[in-house]
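> quick one: sequence plus predicted model below, questions after.
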Protein chains: 2
Amino acid sequence: MRTLTKRQREILDFILETIEKYGRFPSYREIGAHFGLTSPATVSQHLEALAAKGALHRRGRHYSPAEAVRRDQGIPVLGRVAAGSPITAVENIEERIQWNRLGGEHCFAVRVLGNSMVDEGIREGDLAIVEPCDEVRNGELIVAYVGEDQEATVKRYHRSRDVIELRPANRAYRPMRFSTADPHLRLAGRVVAILRRF
Amino acid sequence: MRTLTKRQREILDFILETIEKYGRFPSYREIGAHFGLTSPATVSQHLEALAAKGALHRRGRHYSPAEAVRRDQGIPVLGRVAAGSPITAVENIEERIQWNRLGGEHCFAVRVLGNSMVDEGIREGDLAIVEPCDEVRNGELIVAYVGEDQEATVKRYHRSRDVIELRPANRAYRPMRFSTADPHLRLAGRVVAILRRF
DNA sequence: GTTCCCGTCGAACGATCCTTCGATATTGTG
DNA sequence: CACAATATCGAAGGATCGTTCGACGGGAAC
């Protein structure tokens, strides 16, 4: 993508903002009004320039932001960095973290309390990202609301005939046992990711 | 937001998909064509219904998706769950993880190799999310490209007068030392988050 | 100093858009 | 059974949209 002029950058930013806020492409006249341009022809030329430089794609009468300029496409995961190249060069990109995929439609997160899972590298304050589900396989990492308080707990799930066991990953803690129908155990779902922010 | 009919749900999904893909709201005729509807009037009625139920907002002649249905608004972080309430009830929401904020404009991620940071709960395969910067404070968690290979490394940064030390969090490893001008040490940036996917 | 790119204007045209109106069929609720 | 909500059609009118054309000025490059 060739470099944009200051004006083009401004206009591109305005377009991206409008899409983020309102979920639609601004009309030429809207763009014009925002920058004090009275003629749609002026805007038209800017959009053509943006398309020529690869910042926008054109399909019929419609423009859409090129992938490279979108802000919601997740962040790149860099692999080995080619010698001498700038770190963020495109050839180093392994994949992209798709935030939207990570936390699907109904996902939510809970904050981890205590350190019963430290041996698996899950620490107090971490966020467990949970995909709600009613059934999980043995050995899976899950979140459940347990006890009178219905406090959120991250554990490994193990079920035998009539006992459900929630196992910690810390020798100092003991597994929690529940009968399969115990109302004090409410399964929230499967942990699909752990996030720790600094 | 009142419950949507199956048809309304389908149409809303199509709208959200179009916005995600092309960054613009689909026209009535596009929506119609996608579902085999020949009259824009039909689509108009559906959109009105969606707006009446709060799934879309209307501003003049334009619609935009309500916050509640947007897929890019981050996922909720649940705190203590009020007794007897459904787990995902709104009153339990502590905050929201704003993916877009988490990985700012120029952020990227690198995969963690080896287990030199296990004592801080950072394990092989985790993704370190990096905010590029040229200067960091002592003690901060950073990512640097080191050695001939320029391999990405996560460590704690400590700088004295003329030595930069990258400290692991694992007794089995030793700190790496560099002179302040060593070209074999290239600082990538500060670690703002750790992400582990399952 | 001429040439080129960038940014701008205004007017007019045709394409596309959303809305409105009247009409029909199905489904579920009271 | 009657009534409301849902789901659809087709036609027509008026609003809005993007496009095109011709023109102007400033700055940078040659």
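That came through, no problem. Residues are numbered from 1 along each chain as shown, chains lettered A, B, ... in the order given.

> pLDDT-wise, which helix or strand of chain A ranks last?
Ranking every helix and strand in chain A by mean pLDDT, DSSP states H and E puts strand A:93-97 at the bottom, with a mean of 60.

> do you know the pLDDT at residue A:139?
pLDDT recorded at residue A:139 is 92.

> got the contact list for it?
Listed by CB atoms under 8 Å, 6 or more residues apart in numbering or on different chains, the contact set of residue A:139 reads A:156, A:157, A:158. Yep, even glycine has a C-beta here, placed from its N, CA and C like the rest.

> what about the second one, distance to residue B:144?
Applying CB to CB, to the nearest Å, one obtains 38 Å for the distance of residue A:157 from residue B:144.

> who has more neighbours, the two?
Neighbour tally, residue A:157 and residue B:144, criterion other CB atoms under 10 Å in any protein chain shown: the higher count belongs to residue B:144, 23 against 20.

> contacts only, for the residue nearest to residue A:121 when sequence neighbours are not counted.
For residue A:121, ignoring the flanking residues on the chain, the nearest one in space by CB to CB, 6 or more residues apart in numbering or on different chains is residue B:121 at 4.1 Å. Counting by CB under 8 Å, 6+ apart, residue B:121 touches A:118, A:121, A:122, A:123, A:126, A:196, B:194.

> give the contact list for the third one.
Residue A:122 sits next to A:112, A:128, A:154, A:169, A:194, B:121 when contact means CB under 8 Å, 6+ apart.

> for the first one, phi and psi?
Read that as residue A:112. When read as degrees, to the nearest 10, the backbone of residue A:112 gives phi -80, psi 130.

> okay, it: pLDDT?
Per-residue confidence (pLDDT) for residue A:112: 86.

> hmm, residue A:120 and it touching each other?
No: contact between residue A:112 and residue A:120 fails when scored by CB atoms under 8 Å: they sit 10.9 Å apart.

> more neighbours, the two?
Between residue A:112 and residue A:120, residue A:112 has the larger neighbour count (other CB under 10 Å), namely 23 against 17.

> could you find the closest non-adjacent residue to the more buried one?
Excluding the flanking residues, the one nearest residue A:112 by CB to CB, 6+ apart is residue A:126, at 4.5 Å.

> ok, that neighbour - contacts?
Counting by CB under 8 Å, 6+ apart, residue A:126 touches A:111, A:112, A:194, A:195, A:196, B:121.

> who are the neighbours in contact with residue A:198?
If you count contacts by CB under 8 Å, 6+ apart, residue A:198 has them with B:141, B:190, B:191, B:192, B:193.

> what residues are bridge-paired with the second one?
Beta bridges link residue B:190 to residue B:131, residue B:142, judged by DSSP bridges.

> residue B:140 versus that one, what's the distance?
Taken as CB to CB, the span from residue B:190 to residue B:140 is 6 Å.

> now the longest helix along chain A: how far from the chain's centre is it?
Ranked by residue count, the top helix of chain A under DSSP state H comes out as helix A:6-22. With CA atoms, centre = their mean, to the nearest Å as the basis, helix A:6-22 stands 22 Å off its chain's centre.

> what helices or strands is it leaning on?
Counting contacts by 3 or more CB pairs under 8 Å, 6 or more residues apart in numbering or on different chains; DSSP states H and E, helix A:6-22 is packed against helix A:28-35, helix A:40-52, strand A:62-65, strand B:62-65.

> in it, what counts as buried?
Residues of helix A:6-22 classed as buried by neighbour count (16 or more other CB atoms under 10 Å in any protein chain shown): A:8, A:11, A:12, A:15, A:16, A:18, A:19, A:22.

> which residues touch the last one?
By CB under 8 Å, 6+ apart, the contact list for residue A:22 reads B:59, B:62, B:64.

> which strand residues bridge the first one?
With DSSP bridges as the criterion, the beta-bridge partners of residue B:59 are residue B:62.

> got the contacts of residue A:139 as TSV, with pLDDT, distance to residue B:39 and secondary structure columns?
Below are the contacts of residue A:139 laid out as TSV (pLDDT from 0 to 100; distance: CB to CB, whole Å; DSSP: H, G, I helix; E, B strand; the rest coil):
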residue	pLDDT	distance to residue B:39	secondary structure
A:156	95	55	strand
A:157	94	52	strand
A:158	94	57	strand
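
> possible to save those residues as TSV with distance to residue A:174?
TSV is the format used below for those (distance: CB to CB, whole Å):
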residue	distance to residue A:174
A:156	13
A:157	16
A:158	13
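
> from those residues, which is closest to chain B?
residue A:156 (11.7 Å; CB to the nearest CB).

> nearest residue to the closest one in space, please, no chain neighbours.
residue A:167 (4.5 Å).

> kindly report the same for residue A:184.
Spatial nearest neighbour of residue A:184, chain neighbours left out: residue A:147 (5.6 Å); criterion: CB to CB, 6+ apart.

> for residue A:47, same thing?
Residue A:47 sits nearest to residue A:63 (CB to CB, 6+ apart), 5.8 Å away.

> what's the burial count for the one you found?
Residue A:63 has 20 nearby residues by other CB under 10 Å.

> in contact with it, which residues are there?
Residue A:63 neighbours (CB under 8 Å, 6+ apart): A:25, A:47, A:50, A:51, A:56, A:57, B:24.

> can you flag the buried ones in those residues?
Neighbour counting with 16+ other CB under 10 Å marks A:25, A:47, A:50, A:56, B:24 as buried within these.

> sec struct for residue A:24, please.
Three-state call for residue A:24 (DSSP: H, G, I helix; E, B strand; the rest coil): coil.

> how about the contacts made by it?
With contact taken as CB under 8 Å, 6+ apart, residue A:24 is in contact with A:18, B:19, B:24, B:25, B:62, B:63, B:64.

> for DNA strand C, state which of these is nearest.
Nearest to DNA strand C among those, counting by CB to the nearest atom of the strand, is residue B:25 at 6.8 Å.

> how close does the closest one sit to chain A?
Applying CB to the nearest CB, to the nearest Å, the value for residue B:25 to chain A is 4 Å.

> please report how far the residue lying closest to that residue once chain neighbours are set aside lies from DNA strand D.
Counting by CB to CB, 6+ apart, residue A:24 is the residue found nearest to residue B:25 once chain neighbours are left out, at 3.9 Å. Look at residue A:24 and DNA strand D: by CB to the nearest atom of the strand, to the nearest Å, they are 10 Å apart.
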